[in-house]
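Asks: predicted model and sequence below, questions to follow.
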Amino acid sequence: MRRDDPATAAGAALPDGTAIVDGGAAVDGTSMDGVELEACEAEPIRVSGKVQSRGVLLVVDDGVVVQASENLSELLGVTVDDALGRPLAEVLGAEAAAGVRLADSRAGGPLGDSLQQLTMHGRDWLVASHLGGDGSVLVEAEPAPQSTGEGEPTTAIFQQTHAVLREAATASSVEEVYALAASGVRRLTGFDRVMVYRFDRDYNGQVVAEDVREDLEPYLGLHYPASDIPAQARALYEKNWIRLISDTEAHTARLVPELHPRTGAPTDLTFATLRAVSPVHVEYLRTMGVRSSMSISLLNEGRLWGMVACHHVSGPHTPSLEVRAAAETLAAGLSLQAVVRAAADRAHHAQAVADELRRLIGVTETEPLAQAVAQPRLLELLDVDGLMLRVGGASAAVGLVPQDADRVVRSLIGAREASAVADTAGVLTFDALPTALPDLAGALGEVAGALVVPLPEGDALALFRREVAREVAWGGDPGDKPVTVGDDGVARLGPRRSFAKWQQVVRGTSRPWTVENVEAAVAARRLVVEVLYRRTRPDFGAALALQRSSLPDRLPQPAGWHVAARYRPADGGRVGGDWYDSFELASGHLALVVGDVAGHGLAAASSMNQLRNGMRSLLVAHDGAVAPAVEALDRLAKQLLPEEMATLWAGVLDPATGVVDYVCAGHMPPLLVSDHHAAWVEVERNPPLGFLRARPRGGTLTVAPGESLLLYSDGLVERRADPIVGRLEELRATVEVTLDLEVLEHRLAGLESEDDATMLLVTAQSR
């Protein structure tokens, strides 16, 4: 039986019509009866050449209109022939054209960034513009309503948006954030149904929250196949975050001329809010009985993880551009809330696994490492049925494992059918082992799933799960799609013909592996590697001991203030030169220090220790005067550590006033956080330690009641493949959601990092 053949994929059915599938999902939508299907996947939706008729679109090249939607005369009273080849000011009016600010147009971005209200030809319009890939500016205009939402004045839209975001900040779970997203967007936009989809690793979607008109059938909990949203549509959703189809029965308007006069190619409408959508998608919505639809992308670091889908069945529905911009802002904020809260849950679970594993290994310090790890308690923490660890030439197992588990794990490492549940290098997951290893199916026993975490020297940690039959409720049979053959002889899929609930039983598989499972296993790997290095490399153990002895045993907690800190080594417990320090001076003031010595290992840890102790002594000797203390530390570095480079942020806080005198020597800027708003502190910059030529310039900042100051080292945000500006913005956005240092570390530094990192957080408690 071929899994990609809908005629045979179901295999059998239960008496109630529930389909039974062996070894995976029902239909992957790539072929039918041996015919290759190209439905949707090759459709050029970003260059459709058409727009929805609710507004007009002008393509402006060097200030001149070169393309216009054919409904221009209907809405704006200017014919296409009169507009083409004319300056924008002659088409829209001089004042309106000046308001568009062509020179300031940017490529894409949030809708609200370019949105403005202009008066054109005696009527108010909402106008958005963006820079196209070919250098032209796309100007879109829609008539401005007198009111928005359900009679709500325009001025209240963003107040309502931020009220929902503040409510989400106190949510107790990810599920509550999902529910707030559905209800908040529905209140804002007035759609009959608003759903939150969450995608799995294969982009199959599940409705995880819904706010719906009482008389409509609920879709909560239903699954939808990845083929419902083709790959090129998902790529567009990652760029253009909000899309509205005002009326599935309305005609579209062509761009005239069809091709851009300068480029001779269709104009890219990726970021156009008016872009006409695929006829296949329109048919899909009509089949569902939907008259109007809107979707908002939910992103995590630029990648699509879910969507807010809005449906209206009672007629056409056109929320204004302002409402759509507010809904986009709301969805973006709630998306970050959900992502960070999910990361918090995973971080706490991974830490619990690491703490328990450290306890197990600590109790059996002399026992072989594999046997110390392979304990029944770990099965419960990792939510698995069996575990095998091969390290240092020895293997140990506990619970349910395959026969000849070593051979099975070696085969899995070389298999091609693995899935990557999370972006963690080398980790392999398998939900259907009999399919992945058909030659070893007889040796698997009850084992149907595996998660393999490679270790150094070809060793591995492997987790196993038994077979579990699963029921999946789909929003219609994923295989019920009509096939049409075009003039080119290619068979293409149309949209599903039914969306009635369709139940499927999946056999031959284990429970799916989640990101939480993967990250918990990686946390175990980090600790196993740390212990392995500590046992086999004396220099590694010495560096680790030196690093830990250099960090303060406790942090001062002056009245009205809270101080927290966190240090994490690089992968496998490899230490570097990052450190934090905080102590009380004789004056009652508080010293705050974060530093970073380049490099790893015993040499970096030793240099760090000297600088840390030197900074302590010099701050005491100079009675808390920061600039002279750093100047003296620079001289110490030049004389005793001439080959080292280090950065430093040192400050002294007056707890009575909240004023901090500081010096920044080549270090990352701190963040000041207040009421879920974070901003960078504009610091006085100086060269790194060892490179100062005079007394460093200092500065002051104030931490007011209710505010927090976050200091950190670059290991928290630096990644070789990612621009540092983007990583810093991710840190700033994340601290607006949470100041839990464990969560910040988990989200920014990840479970595995090539550099160590430290954070120091000082909070002035509200009075």
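Replies: Alright, I've got the coordinates.
Asks: give me the most central residue, the protein.
Replies: residue 300 (1.7 Å; CA atoms, centre = their mean).
Asks: just checking, next helix/strand downstream of the helix with the most length in the chain?
Replies: Longest helix in the chain, counting residues (DSSP state H): helix 321-363. Proceeding N to C from helix 321-363, the next assigned helix or strand is helix 369-373, under DSSP states H and E.
Asks: distance from the chain centre to that next one, please.
Replies: Offset of helix 369-373 from its chain centre (CA atoms, centre = their mean, to the nearest Å): 35 Å.
Asks: and that helix, what other elements does it pack with?
Replies: Applying 3 or more CB pairs under 8 Å, 6 or more residues apart in numbering; DSSP states H and E, one finds that helix 369-373 contacts helix 321-363, strand 386-391, strand 394-399, helix 515-536. C-beta coordinates here come from the backbone N, C-alpha and C atoms, glycine included.
Asks: sorry, back to before: tilt between the longest helix of the chain and helix 515-536?
Replies: 40 degrees (axes from the mean of the first three to the mean of the last three CA atoms, to 10 degrees).
Asks: thinking again about what came up before, and the helices and strands packed on helix 369-373, which is most packed in?
Replies: strand 386-391 (a mean of 24; mean count of other CB atoms under 10 Å).
Asks: what mean pLDDT does that strand have?
Replies: Over the span of strand 386-391, the pLDDT mean works out to 91.
Asks: and the angle for that strand with strand 394-399?
Replies: 170 degrees.
Asks: residues in contact with strand 386-391?
Replies: By CB atoms under 8 Å, 6 or more residues apart in numbering, the surrounding residues in contact with strand 386-391 are 369-370, 373-374, 378-379, 395-401, 405-406, 409, 447, 455, 459-465, 528, 532.
Asks: still on that earlier bit, got the contact list for the residue nearest to the centre of the chain?
Replies: So residue 300 contacts 335, 339 (CB under 8 Å, 6+ apart).
Asks: quick revisit: of the contacts of strand 386-391, buried ones?
Replies: When neighbours are counted using 16 or more other CB atoms under 10 Å, the contacts of strand 386-391 contain these buried positions: 369-370, 373-374, 378-379, 395-401, 405, 409, 447, 455, 459-465, 528, 532.
Asks: burial of residue 435, as a residue count?
Replies: 17 (other CB atoms under 10 Å).
Asks: tell me the first helix or strand C-terminal of the host helix or strand of it.
Replies: Using DSSP H and E, residue 435 maps to helix 433-436. Next in sequence after helix 433-436, counting helices and strands by DSSP H and E, comes strand 447-454.
Asks: so what are the sheet partners of that next one and their directions?
Replies: Here strand 447-454 is paired, per DSSP bridges, with strand 428-430 (antiparallel), strand 460-466 (antiparallel).
Asks: as a whole number, average confidence for the helix holding residue 435?
Replies: 83.
Asks: with stretch 227-236 instead?
Replies: So the average pLDDT for stretch 227-236 ends up being 80.
Asks: any buried residues in it, and which?
Replies: So for stretch 227-236, counting by 16+ other CB under 10 Å, buried means 227-230, 232-234, 236.
Asks: then stretch 216-228?
Replies: 219, 222-228.
Asks: just the ones of those residues in strands?
Replies: Among the buried residues of stretch 216-228, the ones falling in strands (DSSP state E) are 223-224.
Asks: for the buried residues of stretch 216-228, which one is nearest residue 184?
Replies: Of all the buried residues of stretch 216-228, residue 184 sits closest to residue 219, with 18.1 Å by CB to CB.
Asks: was I right about residue 756 contacting residue 570?
Replies: Yes: the pair residue 756 / residue 570 is scored as a contact, 5.0 Å apart, by CB atoms under 8 Å.
Asks: out of the two, which sits in the busier spot?
Replies: Set residue 756 next to residue 570 and count neighbours by other CB under 10 Å: residue 756 wins out with 27 against 19.
Asks: beta partners for the closest residue to that one other than its chain neighbours?
Replies: Residue nearest to residue 756 in three dimensions, not counting chain neighbours: residue 576, with 4.0 Å by CB to CB, 6 or more residues apart in numbering. On the basis of DSSP bridges, residue 576 is bridged to residue 600.
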